[in-house]
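Chemist: I'll drop the sequence and a predicted model, then ask my questions.
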Amino acid sequence: MPAYSTILNACLPVFLIIGVGYLVRRLRVLTAEADSTLLRLSLNLLYPAFIIDHLLLDDALADTDLAATATASGAGALFILFGFGIAYLASRWIYTSAPQRQTFAVTVGLQNYGFIPIPIVLALFDDHTVGVLLTHSIGVEIALWTVGVILITGGKARAWRNLVNGPIITTLACLSANALGIASSPPPFVATAITMLGDCAIPLNLLLVGATIRDLFRASTPDHIPRRPVASAATAIFLRLALIPAVILLCARTMPISIELKRVLVVQAAMPCAVFPIILARRYGGDAGTALRAVIATSAVAAFSIPHAIIFGLWFTGATM
């Protein structure tokens, strides 16, 4: 099992880069005008290069089969849907308006599944586990852009079109090439270029996460305060960092799945709420303040709890190294 210091050293750089993103936005080194260009660059070039590097150029994944892909993706979707459901039930105790309840459900039900867990998995495990994490994310994306958006909008939006994006297309193409045995090794200089581009994806997106948090802090207003603000934050923390992880870990312990998927589920269970539902709430008529409060509360606790949660999860599920 990784030592506490090993896991802590894997987590601290992630939060440090997010903090740097917050700072460079505050100092206007990274301006809001640059965000859309950098995001398009990441989603259409850098992140696909990262996926190709870890799915297509990794010999350990050359024998990836359909059953393993379906299991990892299915687990990603299943636990997100469970999170949406349990968070929506809890929201009825705290919020009076439908937009608040719906936004709370999507925010608390969706853990940070991408740019925070990826560097942690990279630091702790092998490339095969990273590949399983990327496959797991397919199911998360499908649940988010179908049920998640239907929930946050009350069924008014058809956001499933967003499933046609660079990362998902690249992931499916790489997995298909591996499964069909048609993947080929590019010349070394091409493989090196792909690796270098992919290495830029994670730090750039962590900077953008920090910058986005800074923007949301500045733009947030107390328009919709829950009846019980302390209870709202406490409920988000309990659901996202205790109840939902407990269900995930129990399933990971009892289900006949690979050790790589167990490790992915352990890391996912330790994650706070994702930042992206704040943006979804703004775009689709949810309550951004509700999402922001849940993200801040769970992130503040997770910054300290993640190493402990991962150590416990690896022991409990039997996914130790």
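Modeler: All right, it came through fine.

Chemist: Gly286 in helix, strand or coil?
Modeler: Following DSSP: H, G, I helix; E, B strand; the rest coil, we place Gly286 in the coil state.

Chemist: Just list the residues touching it, thanks.
Modeler: Applying CB atoms under 8 Å, 6 or more residues apart in numbering, we find Gly286 in contact with 99, 102-103, 106, 152-153, 277, 280. Where C-beta positions appear, they are placed from N, C-alpha and C, glycine not excepted.

Chemist: Let me have those residues in JSON lines, extended by secondary structure and pLDDT.
Modeler: Converted to JSON lines, the contacts of Gly286 look like this (DSSP: H, G, I helix; E, B strand; the rest coil; pLDDT from 0 to 100):
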{"residue": "Pro99", "secondary structure": "helix", "pLDDT": "88"}
{"residue": "Gln102", "secondary structure": "helix", "pLDDT": "93"}
{"residue": "Thr103", "secondary structure": "helix", "pLDDT": "93"}
{"residue": "Val106", "secondary structure": "helix", "pLDDT": "95"}
{"residue": "Ile152", "secondary structure": "helix", "pLDDT": "86"}
{"residue": "Thr153", "secondary structure": "helix", "pLDDT": "81"}
{"residue": "Pro277", "secondary structure": "helix", "pLDDT": "88"}
{"residue": "Leu280", "secondary structure": "helix", "pLDDT": "82"}
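
Chemist: between the residues you listed, which is closest to Ala302?
Modeler: Distances from Ala302 to those, taken as CB to CB, are shortest for Pro277 (15.5 Å).

Chemist: Do you know the pLDDT at His224?
Modeler: Looking at His224, its pLDDT is 48.

Chemist: Tell me, how many residues neighbour Leu89?
Modeler: Using other CB atoms under 10 Å, the number of residues around Leu89 comes to 12.

Chemist: State the helix or strand in which it lies.
Modeler: Assessed by DSSP states H and E, Leu89 sits inside helix 66-94.

Chemist: before we move on, the earlier item: looking at the contacts of Gly286, which has the most residues close by?
Modeler: Result: Val106 is most packed of the contacts of Gly286 (other CB under 10 Å), 32 neighbours.

Chemist: so Gly139 touches Ala70, yeah?
Modeler: No. Between Gly139 and Ala70 there is no contact under CB atoms under 8 Å: 9.1 Å.

Chemist: Flag the shaky bits of this structure, pLDDT-wise.
Modeler: Scanning the chain with the threshold set as pLDDT under 70 gives 1, 58-66, 155-162, 183, 219-229, 321.
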